[in-house]
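Colleague: Compute the structure for the input listed below.
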Amino acid sequence: MKICFLTGPQNSKRCGITDYVNLLRVVLENYGHDVSNICLSGSKTFKKVITNLPEADIFSFQFAPYAFSPNGMLGVDLINLGKVLRKNKTHLNFHEVWIGAYKGASLYEKFMGWRQKREILEFVKVLNPSVITSTNSAALDRLQKEGINATYLYLFGNIPFIETDVSTNSDIFKVAFFGTLYDKFPYDLLGKRLCEIYAIYGSKIEFRIIGLQRESLGFKKLRKVASCYNFSIAETGELSSTKVAKEINDCKIGVSTTPYDAIGKSGASAAMLEHGLPILAFDDEDTPKDQLFVINEFIGQIFLINDPFESNKLLHFISQERKPFFDGVAYTAKNMVRMVS
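Modeller: Numbering: from 1, shown residues only. Predicted coordinates for the structure are as follows:
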């Protein structure tokens, strides 16, 4: 099968949609598929594709509003692309949808979200995709409320399996933070939950900031919690994927500051889960509970800090042998081929 991906511009400085496609491409080519990727980086590239669309059995458009435009709006270029693509078999994968559809959104976010939603809904109507998918519960809920029949497609991590030993050191309880530290995450509540763990486990708690982490309000809040509860904190700086894998294996638990309903769009959270690490997360209640889910492979591996917290259950999970590595890239490649075939 000849598969053509359409993404935003390549950005080698951060883990993004093009990195996701590059990893997926390798596995799909190993399965015998002919795979290409077109990076759309502005109006000129949109017009070039519109006037000279390559041949393919399936076009897979990897969509996130801000991947293509600083304000999340593409205008006529998006609609014109939809008109050309609709003559072909298409797969539309939403990594993100419109902003502002959550409690506490500012007036600006609500206004821009309203504009983005109008554009996205028009694009879906024009494109008439063969298959529509999304990577997370929040986006699926928003799409389904607008009458768009979308299904789930897992977004994998970008840290491959490396043969390293899982730490058995019981003197330090290492907590992994890998990925963006979001400002709105309840860091104070996290501190309280970790104190509950400390009261049972008895080992010194150390925050491990894995990878390059930019200065942010979330980072400042995390430092404050570490200071308040006398937790140590260590930053690794930028690391190779091999060293990231080793860091993850050296930790007891991980923390995802991405809201639970959107955790599916976080490649960093996926990487920790794929390496068998239990994850602490937070449900901001923006999405109805009956719409929340994780794939079967990760059931019982994510612990919500705002639920009646079960420290003993988490520690029992940690005491067991680490789960084997889950190959998320192969899992997604197989599911995508099944959906679009």
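Colleague: Can you list the buried residues in stretch 285-299?
Modeller: The neighbour-count check on stretch 285-299 (16 or more other CB atoms under 10 Å) flags 286, 287, 292, 294, 298 as buried. From N, CA and C alone the C-beta is placed, and that goes for glycine too.
Colleague: host element of the residue nearest to residue 159 when sequence neighbours are not counted?
Modeller: Nearest residue to residue 159 in three dimensions, chain neighbours excluded: residue 271, at 4.1 Å (CB to CB, 6 or more residues apart in numbering). Element membership of residue 271 [criterion: DSSP states H and E] is helix 267-274.
Colleague: So residue 110 sits against residue 103, correct?
Modeller: No: if you go by CB atoms under 8 Å, residue 110 and residue 103 don't touch, sitting 11.2 Å apart.
Colleague: more crowded one of the two?
Modeller: Neighbour totals were compared for residue 110 and residue 103, and residue 110 leads with 15 against 7 (other CB atoms under 10 Å).
Colleague: Could you name the specific helix or strand carrying the more buried one?
Modeller: Using DSSP H and E, residue 110 falls in helix 107-127.
Colleague: ditto for residue 205
Modeller: strand 204-210.
Colleague: Ok, residue 323 next?
Modeller: Using DSSP H and E, no helix or strand contains residue 323.
Colleague: what's the burial count for it?
Modeller: 17.
Colleague: Repeat that for residue 173.
Modeller: Residues near residue 173, counting by other CB under 10 Å: 21.
Colleague: hang on, isn't residue 287 packed against residue 144?
Modeller: No: with contacts defined as CB under 8 Å, residue 287 does not count as touching residue 144, sitting 10.8 Å away.
Colleague: residues in contact with the closest residue to residue 106 other than its chain neighbours?
Modeller: Distance criterion CB to CB, 6+ apart; nearest residue to residue 106, sequence neighbours excluded, is residue 100 at 7.9 Å. Counting by CB atoms under 8 Å, 6 or more residues apart in numbering, residue 100 makes contact with 106, 109, 110, 111, 112, 113, 114.
Colleague: what does residue 315 give?
Modeller: Contacts of residue 315 (CB under 8 Å, 6+ apart): 197, 200, 201.
Colleague: Give me the buried subset of those.
Modeller: Buried among those by 16+ other CB under 10 Å: 197, 201.
Colleague: would you list the contacts of residue 315 in a markdown table and tack on distance to residue 334, secondary structure and pLDDT?
Modeller: Listed next are these as a markdown table, based on distance: CB to CB, whole Å; DSSP: H, G, I helix; E, B strand; the rest coil; pLDDT from 0 to 100:
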| residue | distance to residue 334 | secondary structure | pLDDT |
| --- | --- | --- | --- |
| 197 | 37 | helix | 90 |
| 200 | 40 | helix | 87 |
| 201 | 38 | helix | 86 |
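Colleague: Count the residues that sit near the residue lying closest to residue 326 once chain neighbours are set aside.
Modeller: Spatial nearest neighbour of residue 326, excluding adjacent residues (CB to CB, 6+ apart): residue 274 at 4.5 Å. Residue 274 sits with 27 neighbouring residues when counted by other CB under 10 Å.
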